[in-house]
Structure formats: structure tokens, C-alpha cells
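Trainee: give the three-dimensional model of this entry:
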Amino acid sequence: MGCGCNKNKQNNPEFRPQTPEEAKGVLSKKIGMVQSFATALASRGFGNNKVNKATKQLRVLSCFGNKHLGGELPSCEHLKESSTPGKHFCGGCGCGDRAATWLMSQGEKYSKLDYPKLHCPLNMPGFTNYQPSKPDEAESPITRRYYIENIDYNEVAKIPVTLPEKVEPSVPPQPESPPQT
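Mentor: Predicted coordinates:
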């Protein structure tokens, strides 16, 4: 007979043991996060490759909405304010609040939204894993994804973004080949 000190833990959901399916799901999600990060990092490459301006504008719209520009689209429900004033990060992807995960940076600094390949937990427009809206997303109230898909390009083009300079990797000079005779 046990001491009974664990008696209440059986009925307390805080201490409920994970089922094998739940444990597999957690592991699968963590592996997916690592793969997504590795893909983004590899897409940046040694030369600081970056996404094009139009794609970054779509990403900014997907994350920040356009209410701050007089539009009607609110920011994403996963958008979180950083502990660093003026910075934001995605609370849905699991990256946390660090300088490397801030969605937008000042000036020419490379930010998360600059990566050529970048996944969004909601599969929004502008991201590598974007999935078009389903027909029911057009029904009232429409979804954020449907709204972004149908926004006039001139409105997207108004979204201010900065793109960091691409740094070309240094390549050692190649010796000249001798003239052929």
C-alpha cells in the first residue's frame, strides 16, 4: 500500500500522463519546428539572400494587418509584443522572443520576415507554406486569409518595408588563364 501522496494527481489534468499519440504529436511538432528553422536558415545562405519586396509586404500584411495604415485588417492573433519596446514576434511558431526572431528590424538589419523561405503557423499569404483559402472562408465573416488574397495590389504596395542589403560572399580572385596559342 502506498503513502497516498500521489492520490490527487490521478484526477488532476495538470498531472495526467501523456498518451503515446500525444507524445508523438509533441515530438512531431518539435521536429517540424526544427526543420522549418533549418529551411529558413539555409534559404538565407552565406550571402544574406532575402525575399523580394512584394512578398515581404504580403508577410507584413499577414502578421501586422493594415489598421495602422487606415485599413480594416487587424493584426494576427499570434502577433506578440516583445519585451524589447517596438519589437514583435510570432507567438504561434514557437520561436520565442529573441533578436533573431523579431519579425521586423530597424533599417538594414536582417529580420525574420526577410528569409526567402519562411513558414507561418497559419499558412498565410507571403509565406512558403501558404495555402489558398477554402470556399467557406469567403462567407461572412470572411477570414484574414481571404481578405489578403483579395486585397488590391496597390494597397499591398503601400505597406512600408525595408530590405537589408544583400551581402555578396567574398570570392577569391581567380588566376587568369594563359592565352591559348
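Trainee: neighbours around the closest residue to Asp114 other than its chain neighbours, how many?
Mentor: Distances taken as Cβ to Cβ, 6 or more residues apart in numbering put Lys50 closest to Asp114, at 4.6 Å, once the chain neighbours are dropped. To be clear about C-beta, it is placed using only N, CA and C from the backbone, and glycine gets the same treatment. Neighbourhood size, Lys50 [other Cβ atoms under 10 Å]: 21.
Trainee: run through the helices of the protein in chain order.
Mentor: All helices of the chain, identified by DSSP state H, fall at 20-44, 53-64, 144-149, 153-157.
Trainee: go through the ones you listed and find the least confident stretch.
Mentor: Among these, helix 20-44 carries the lowest mean pLDDT, a mean of 59.
Trainee: the residue nearest to Asp114 touches Leu163, doesn't it?
Mentor: Yes. Look at Lys50 against Leu163 with Cβ atoms under 8 Å: they come within range, at 5.7 Å.
Trainee: quick one: the strands in this protein, in order.
Mentor: Counting by DSSP state E, the chain has strands at residues 79-81, 88-90.
Trainee: now tell me what touches the first one from outside.
Mentor: Residues outside strand 79-81 that contact it (Cβ atoms under 8 Å, 6 or more residues apart in numbering) are 63-64, 87-91, 97, 103.
Trainee: most neighbours, which of those residues?
Mentor: Counting neighbours by other Cβ under 10 Å, Phe89 comes out on top of those with 25 neighbours.
Trainee: report the beta-bridge partners for that residue.
Mentor: Note on Phe89: beta-bridge partners by DSSP bridges are Lys80.
Trainee: mind checking pLDDT for it?
Mentor: 94.
Trainee: show me what contacts it?
Mentor: Residues in contact with Phe89 (Cβ under 8 Å, 6+ apart) are 80, 82, 95-98, 101-103, 112.
Trainee: so which of those residues sits lowest on pLDDT?
Mentor: Minimum pLDDT for those is recorded at Cys95 (81).
Trainee: what number of residues lie near that residue?
Mentor: 18.
Trainee: right, I'll leave it there.
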